[in-house]
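# model this:
(5 chains)
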Amino acid sequence: MITARSVIHSMARFYPASGAKRGQPPGTLAVHPAAPGAPPVRVQLFGFGPEDLREEPSVAFDEAAAAVGEAPVTWINIDGVHDADLLRRAGERFGLHPLTIEDIAHVGQRPRYEDTDGYLFVVLHMLRYETDTGLVTAEQISLVVGRGFVLSFQEREGDVFGVIRDRLRLDKGRGRRGGADYLAYALMDAIVDQYFTVLERLGESLANLEEEVVTRPAPAALQELHRLKRELIFLRKSVWPLRECIGGLHRSDSPLLERATSVYLRDLYDHTMHVIDTVETFRDMVSGMLDIYLSSVSNRMNEVMKLLTVIATIFIPLTFLAGVYGMNFDHMPELHWRWGYFGTLGVMLAIGLGMLAWFRRRHWL
Amino acid sequence: MITARSVIHSMARFYPASGAKRGQPPGTLAVHPAAPGAPPVRVQLFGFGPEDLREEPSVAFDEAAAAVGEAPVTWINIDGVHDADLLRRAGERFGLHPLTIEDIAHVGQRPRYEDTDGYLFVVLHMLRYETDTGLVTAEQISLVVGRGFVLSFQEREGDVFGVIRDRLRLDKGRGRRGGADYLAYALMDAIVDQYFTVLERLGESLANLEEEVVTRPAPAALQELHRLKRELIFLRKSVWPLRECIGGLHRSDSPLLERATSVYLRDLYDHTMHVIDTVETFRDMVSGMLDIYLSSVSNRMNEVMKLLTVIATIFIPLTFLAGVYGMNFDHMPELHWRWGYFGTLGVMLAIGLGMLAWFRRRHWL
Amino acid sequence: MITARSVIHSMARFYPASGAKRGQPPGTLAVHPAAPGAPPVRVQLFGFGPEDLREEPSVAFDEAAAAVGEAPVTWINIDGVHDADLLRRAGERFGLHPLTIEDIAHVGQRPRYEDTDGYLFVVLHMLRYETDTGLVTAEQISLVVGRGFVLSFQEREGDVFGVIRDRLRLDKGRGRRGGADYLAYALMDAIVDQYFTVLERLGESLANLEEEVVTRPAPAALQELHRLKRELIFLRKSVWPLRECIGGLHRSDSPLLERATSVYLRDLYDHTMHVIDTVETFRDMVSGMLDIYLSSVSNRMNEVMKLLTVIATIFIPLTFLAGVYGMNFDHMPELHWRWGYFGTLGVMLAIGLGMLAWFRRRHWL
Amino acid sequence: MITARSVIHSMARFYPASGAKRGQPPGTLAVHPAAPGAPPVRVQLFGFGPEDLREEPSVAFDEAAAAVGEAPVTWINIDGVHDADLLRRAGERFGLHPLTIEDIAHVGQRPRYEDTDGYLFVVLHMLRYETDTGLVTAEQISLVVGRGFVLSFQEREGDVFGVIRDRLRLDKGRGRRGGADYLAYALMDAIVDQYFTVLERLGESLANLEEEVVTRPAPAALQELHRLKRELIFLRKSVWPLRECIGGLHRSDSPLLERATSVYLRDLYDHTMHVIDTVETFRDMVSGMLDIYLSSVSNRMNEVMKLLTVIATIFIPLTFLAGVYGMNFDHMPELHWRWGYFGTLGVMLAIGLGMLAWFRRRHWL
Amino acid sequence: MITARSVIHSMARFYPASGAKRGQPPGTLAVHPAAPGAPPVRVQLFGFGPEDLREEPSVAFDEAAAAVGEAPVTWINIDGVHDADLLRRAGERFGLHPLTIEDIAHVGQRPRYEDTDGYLFVVLHMLRYETDTGLVTAEQISLVVGRGFVLSFQEREGDVFGVIRDRLRLDKGRGRRGGADYLAYALMDAIVDQYFTVLERLGESLANLEEEVVTRPAPAALQELHRLKRELIFLRKSVWPLRECIGGLHRSDSPLLERATSVYLRDLYDHTMHVIDTVETFRDMVSGMLDIYLSSVSNRMNEVMKLLTVIATIFIPLTFLAGVYGMNFDHMPELHWRWGYFGTLGVMLAIGLGMLAWFRRRHWL
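Predicted coordinates:
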């Protein structure tokens, strides 16, 4: 159902949140204050190499930062970006540019990557299909990839990286043998995989809707078409910059990306192309369905009009005839004829049948 | 006929199948389990040179792999990609990248080619027009082209490569004198030839439909238009990446492609361009026909409305007149006039004829 | 008139003919068998230099081939491509690639050029507007340009090159002083000139149609619009690849093209751009006219509806009133009033005039 | 007003005039014969340097040609291109390529520039908005820019260069201190300035029309929309090639263009971009207005239908009721009831008011 | 509300103002005369370095110009561009090209930047959403960035740079430690920030409108849709050139831009991309809503037609029947039957109920 509330919510997804930031000097850190009752920022630490793994599900940031360098690869995952102090210390500790910190804190950035001295900065959108509202929502994930470490910032706690954690624990896939760049790739891959899940959901809606539109178009289908169209517009807004971003990473000659990882990035790029193809295809499908829907409405209106016309065309002249012999003139010779009444009925029947035949010949019946 | 089942099937073609793979580490081999009763994976071997030909219609994979190098060119065709063990051994034997094996197993990949160390990897879609459902279906064909060998993987057993086998047996065309790259080209050419067959079928549907839409538009035509549009969207999704893929191969400077083969790839590229032109042209035609259809519906509605209006406009005033003289007032002098009745009939006739003349002057009749 | 036959014919123009070729090895020569009663393939020879001209209107191919080299430029024009033997001998004599011969024989290729060792190969579409069917038809013209010779292959005998022959005979323009490349340019220029003729015809249809659509839109105009749209789609399919082809030739650094000819090719390229601009402009015009047409239909429907509504709205209440006083109740005091009848007529008149005034105030009349 | 004549005229603007030229060898000079009574070709001469100015309002061409070199810059303006002899002499005197002369004579060329040995050749369209017909017309202006001289060819005498002449006379702006390239720039700038004038006129029409469409849409607005759309299509056809042309000149490294002039060409290029932006914006506006217009028509039709439905729905049942009590059965007890008549009237009133209330609740009234 | 006045005003925004300039030599300074009562041109001066700040809220231009060089960075802000004398002196003092001065004075230029010897020239549009008219208006801001100074020209006094002034005073952000290029960046950033504010306003209108269109479409929504579409077209016209401009600056290798500033320009470029994405997304949304609106209108018309058809189809035959028994023939046996009347009523009831059932089965009720 499209309600006013969901509409307004759905529109706000399309432009970056205002407020604290607008009018501040660039590079300023004006974090969104944590909503009351919001969970505190949580820092998770994974330090690993082919041989061993250190996992700290919740740790102080400074302790986590200090662990960088101990293991071949250190992954610090931060859930929540509303702790300005933590961000500032992260910036100092890892030499992040003020604009980088600003972009981490002010979520709603365009997906992109930046290749600065000393680290790669990647902004992505994690998409989620919310079954109850039928809305696709986006959460910003920021990755900072340095020599031997990856920082990942999530807007809210989520479970998208759970599969990565499990792999590290079980040492599945290239798992713990990859470097920081491979870990970053794995995180991005997990995010892009979510896009397919979202597309699958939309595809199911689309399939249901197509059946409905084709077999029994109803006004509700129109709202559903509109919803799907809007969600696809929203997806599109995330997906095209994503392509630029991953494509740029793939072509990047940053020393932080090993040659072996490039094959994986190429594969990831192909996935984003696949997502784009599918989004564009869905858009084409939706617009095709709208055409079908409108044509069906026209067709039905035509049918309604035809029935009205047939009924009216047959009975209006007959009613006129009845009216004529219902007049009260003194001198109406037909009224006194022996077979006047039945003759008139016969004429009426003949007119009616003649018209029916004519309509049938014109394929109206 | 578009049924719910065919619709859902048709939509699922647009996004890659989920399930086993989603959430697995990249390079993982999570094959689709063979459907119960599915035929076992079949391995065919062709070893040939200008002089001789060895053909094994069904052979163990390891035996086939061992034959590579015996003849100038070895072609191993594998029907079915659900045997994880076979794929793993193929990967080890021919030094395939884990992602390559994954892409072979997880069908539904985007057409593309990859130029890796030691081999070329090409993913194509083999299209088939299914006459009974009117759907175009795609099957993934993966080619691995190495020095002196070609591996081809088909989702299901099919006969598209039959013509190539016959040529090898008869040594027709450049037949057995070409290298592995020429064989790969010939396989791709056979696949692209199928696109023309599919286009021809769609073109016939389109021609039938155009005649129908132009001469006697019916609601069924609308569903057929929708079906064609959807199939063209589906084709498009396969064809555009195909162009990139073949174009890339043509421009590739891989040492595995001999210079003489480049002319053939250029020709193949022209064929894909031709396919694209035709698909886009068909799309234009379909959208033009939709316009025609909608206009015809409007025209007919207009005609219906005109008939109703003419009939109603003529008879409503006459019926009113008859009603007036059907009133039962005591003092209605006209009722007692000698020629009242016939005069009234005359007036009615005059009004009716006058209106007919007026409609005729406005070109409504 | 759009008939079923013309429609099917018109659709078949859009994809290459199947049959003989599909499934054959590339480079195979599977010519379309000559239709019974088709004229035999005719070979014309022109050998010329600034000083002299040898013209053989009909000559054996081998004799013509032997004449190459005798004069500075030799032009062999072959009408008909269904003589496989001739094509094979041409291929051997002039060292043509098997794919070149295949592309000459299997008409319906995409316009393009190929720069191979020893010769330039150009495929063009010669367009013709068939006045009786209103269809634009395309015929493939293949040119092989070598050092000192040009081979031109036409599907059917035609007169498009008549102007070139006359020029050679009269030595008009750069006429006989140009080389083989200039001759090839002149042939292509003659072909592209035909496009303007076709566009002019379509432009005339468009002008007639615009007047009709704007002043008195009729359903026939819709079919004509559809026809024009389809022909423009067809033109487009020939014109865009033509542009690539001529543009490529212009930029080509083939040693077969002299520098002086490049200016002419640039001019030819500008002509093709002009053709494209005009085709796209016509497409815009057609789509604009469709909008106008549909709006006119809506407008007229509106007018019809208004008339119906005005008539019905005025008379339905009056008829009701008449019906009331036509009831046969025993106690209806008005019936016995002295001025009941005339009073009722007056009330009816007042209601009718009041409604007319109201409609006039709303600008419905 | 769109009349048949203006329509045909308007369509002919879109493709180059045929006749004399088609089928002639390239580089042939087949001028359009001067219409009877056409003014003779007029040659104007301006020779100037920073210090002095020689102006000859009407001079023989050979005399003008002889003046080249006397002053630092010589500008020869030729009004009329139908004097083949003059063009031929100009070609010989200034070493023009035959194709250049052909392009000057055969007006209707695409805007473009050519950088040949010894001179720059620029073809532009001078646009004019004809207030009486509402058509935009284009006239070809050809410029030949050489070392120390500019030749300008106009189809007809016009006053667009009047401002340039005045500036030369008064030595305003860089006026007489610029070289031949600056003069050419000034001429082109004067031409592009005209585009803004045309756009302003179209913009005024658009503003009037928008008000009309939004406040009181009438069928005439549709024709006006169509006219504007067609004129914008026409403009577009001139403007896009203009951009290529000016952009090419700006990037050209011809020795005939001094570095100081490049800044001015860049500015001119920005102006053409501005023209393109505005044309595209206007197209968007027109298409938006068409949507509004169509929606308004739909809305009004809806309103008309509602009125009809309300009236018919209320009175049809009442009329039926009156009809029932107008029947002449012998045994109709209600007829003899004391309050039968008034009771029936009451029931009728109740039905009518009930329906009105129901319509009001559904917001139809 | 869209009024004639606002429409004309809104259209004039789309093309540059004419008048004084048209027909003048390029580089001429024909300023718009100040409207009577317009505030005089105001010159503000900021001279600052990391350590100190000199601020003069209103100063003579020559004095301000003389201050350049005293402090590391001097910012001269000029409100109003109608003082020709001031502009001329600025041109002389800072060595500005005549075209630069012209572009500053003749507001309505396309956003762009120019990299000339000695200074960078940037033209931007400052957008403002006017709440009372619902129009987006643009004001030209011109920046001249030289070594150690920035000149900014505003059409009217405004407060957009207020945040920058405050930052300089408080030395917030990089504040006073940045060079002239950083100051220019900060000014541009403040301008682009305004775009987000405008988008937010439009987004709110869009959200309100979507709710309205989806839940209760009314004709007023159509006008609002049209307004939004027009404003988005207007935005687009400013935004696309803005992207080119900022992108060009970012890629520029001008010595006036320090390497450190490049990161900020890159960030600014991302913001403009974000603005473009959002504008295009909004356009898609508006066009989707128009579809929804039109479909709703069709749906409602369908509903109206159905009601009319149901009522008319039921009662027209019944009324005919009543008419038949209202005829005055002498010999109508049914009239004299004992149960004739009630039987007829029963038949009528049966017909009516039968029809109702039939309509219900067809899902019309």
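
# What about residue A:227, how many residues nearby?
Residues within reach of residue A:227, counting by other Cβ atoms under 10 Å in any protein chain shown, total 23. (Glycine included, C-beta is placed from N, CA and C.)

# which ones are touching residue A:324?
If a contact means Cβ atoms under 8 Å, 6 or more residues apart in numbering or on different chains, then residue A:324 has B:322, B:345, B:348 as its contacts.

# Which helix or strand lies directly C-terminal to the lowest-mean-pLDDT helix or strand in chain A?
For chain A, counting by mean pLDDT, DSSP states H and E, helix A:4-12 ranks last in confidence among helices and strands (a mean of 51). From helix A:4-12 onward toward the C-terminus, using DSSP states H and E, the following helix or strand is strand A:42-48.

# Can you dump the C-alpha atoms of that following strand in CSV for me?
Once non-C-alpha atoms are left out, strand A:42-48 reads as follows in CSV (Å, rounded to 0.1, in the frame of the first residue of the first chain):
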residue,chain,number,x,y,z
ARG,A,42,30.1,-0.7,18.2
VAL,A,43,33.7,-1.5,17.1
GLN,A,44,34.5,-5.0,16.0
LEU,A,45,38.1,-6.2,15.3
PHE,A,46,39.3,-9.0,13.1
GLY,A,47,43.1,-9.5,12.9
PHE,A,48,44.1,-12.5,10.7
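
# Could you pull out the helices in the stretch 251-365 of chain A for me?
Taking DSSP state H, counting those that start in this stretch as the criterion, the stretch 251-365 of chain A carries its helices at A:259-324, A:340-361.

# Show me which residues of the stretch 251-365 of chain A sit near chain E.
A:290, A:293-294, A:297-298, A:300-301, A:304-305, A:307-308, A:311-312, A:315-316, A:318-319, A:322-323, A:325-328, A:332, A:334-341, A:344-345, A:348 (Cβ under 8 Å from any Cβ of the partner chain).

# Near residue A:58, how many other residues are there?
Taking other Cβ under 10 Å as the criterion, the count of residues near residue A:58 is 11.

# Next: residue A:361.
Other residues within reach of residue A:361, judged by other Cβ under 10 Å, total 9.

# okay, it: pLDDT?
According to the predicted model, the pLDDT of residue A:361 comes to 88.

# just residue A:32 next, same as before
We note a pLDDT of 57 for residue A:32 in this prediction.

# CA atoms of the helix or strand harbouring residue A:125 as PDB?
Counting by DSSP H and E, the element that carries residue A:125 is strand A:119-130. This file holds the C-alpha atoms of strand A:119-130, laid out as PDB (Å, rounded to 0.1, in the frame of the first residue of the first chain):
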ATOM      1  CA  TYR A 119      44.600   4.700   1.300                       C
ATOM      2  CA  LEU A 120      41.600   3.900  -0.900                       C
ATOM      3  CA  PHE A 121      38.300   5.300   0.100                       C
ATOM      4  CA  VAL A 122      35.100   3.600  -1.200                       C
ATOM      5  CA  VAL A 123      31.500   4.700  -0.600                       C
ATOM      6  CA  LEU A 124      28.800   2.100  -1.400                       C
ATOM      7  CA  HIS A 125      25.100   1.800  -0.900                       C
ATOM      8  CA  MET A 126      23.900  -1.300   0.800                       C
ATOM      9  CA  LEU A 127      20.300  -1.900  -0.400                       C
ATOM     10  CA  ARG A 128      17.600  -3.700   1.400                       C
ATOM     11  CA  TYR A 129      14.100  -4.600   0.300                       C
ATOM     12  CA  GLU A 130      11.700  -3.900   3.100                       C
END
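
# and that strand, what other elements does it pack with?
helix A:98-105, strand A:112-116, strand A:135-146, helix A:180-215, helix A:219-251 (3 or more Cβ pairs under 8 Å, 6 or more residues apart in numbering or on different chains; DSSP states H and E).

# how about 6 Å then?
Based on contacts counted as 3 or more Cβ pairs under 6 Å, 6 or more residues apart in numbering or on different chains; DSSP states H and E, the elements that strand A:119-130 packs against are strand A:112-116, strand A:135-146, helix A:180-215.

# Okay, buried residues for the first one please.
Under the neighbour-count criterion of 16 or more other Cβ atoms under 10 Å in any protein chain shown, strand A:112-116 has A:112-114, A:116 buried.

# Could you do the last one as well?
The neighbour-count check on helix A:180-215 (16+ other Cβ under 10 Å) flags A:180-203, A:205-214 as buried.

# re the thing from before, would you mind finding the most buried of the helices of the stretch 251-365 of chain A?
Greatest average neighbour count among these goes to helix A:259-324 (a mean of 21), per mean count of other Cβ atoms under 10 Å in any protein chain shown.

# Can you check what angle separates that one from strand A:119-130?
30 degrees (axes from the mean of the first three to the mean of the last three Cα atoms, to 10 degrees).

# Now do the contacts for the closest residue in space to residue A:243 that isn't next to it in sequence.
If you skip the residues right next to it in sequence, residue A:243 has residue A:272 as its closest partner in space, 4.8 Å away by Cβ to Cβ, 6 or more residues apart in numbering or on different chains. Applying Cβ atoms under 6 Å, 6 or more residues apart in numbering or on different chains to residue A:272 gives the contacts A:242-243, A:246.

# would you list those residues in TSV and tack on neighbour count?
As requested, those are arranged in TSV below (neighbours: other Cβ atoms under 10 Å in any protein chain shown):
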residue	neighbour count
A:242	27
A:243	15
A:246	25
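
# Which of those residues sits closest to chain C?
Taking Cβ to the nearest Cβ as the measure, chain C lies nearest residue A:243 of the contacts of residue A:272, at 26.2 Å.

# Looking at chain A, what residue ends up closest to chain C?
With distances taken as Cβ to the nearest Cβ, chain A approaches chain C most closely at residue A:326, which sits 6.9 Å away.

# what's around that residue, how many residues?
Using other Cβ under 10 Å as the criterion, residue A:326 is surrounded by 26 other residues.

# May I have the residues that are in contact with it?
When contacts are counted by Cβ under 6 Å, 6+ apart, residue A:326 is found next to B:326, E:326-327.

# can you put these in JSON lines and add distance to residue A:55 and pLDDT?
Written out in JSON lines, the entries for the contacts of residue A:326 read as follows (distance: Cβ to Cβ, whole Å; pLDDT from 0 to 100):
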{"residue": "B:326", "distance to residue A:55": "98", "pLDDT": "85"}
{"residue": "E:326", "distance to residue A:55": "95", "pLDDT": "85"}
{"residue": "E:327", "distance to residue A:55": "98", "pLDDT": "85"}
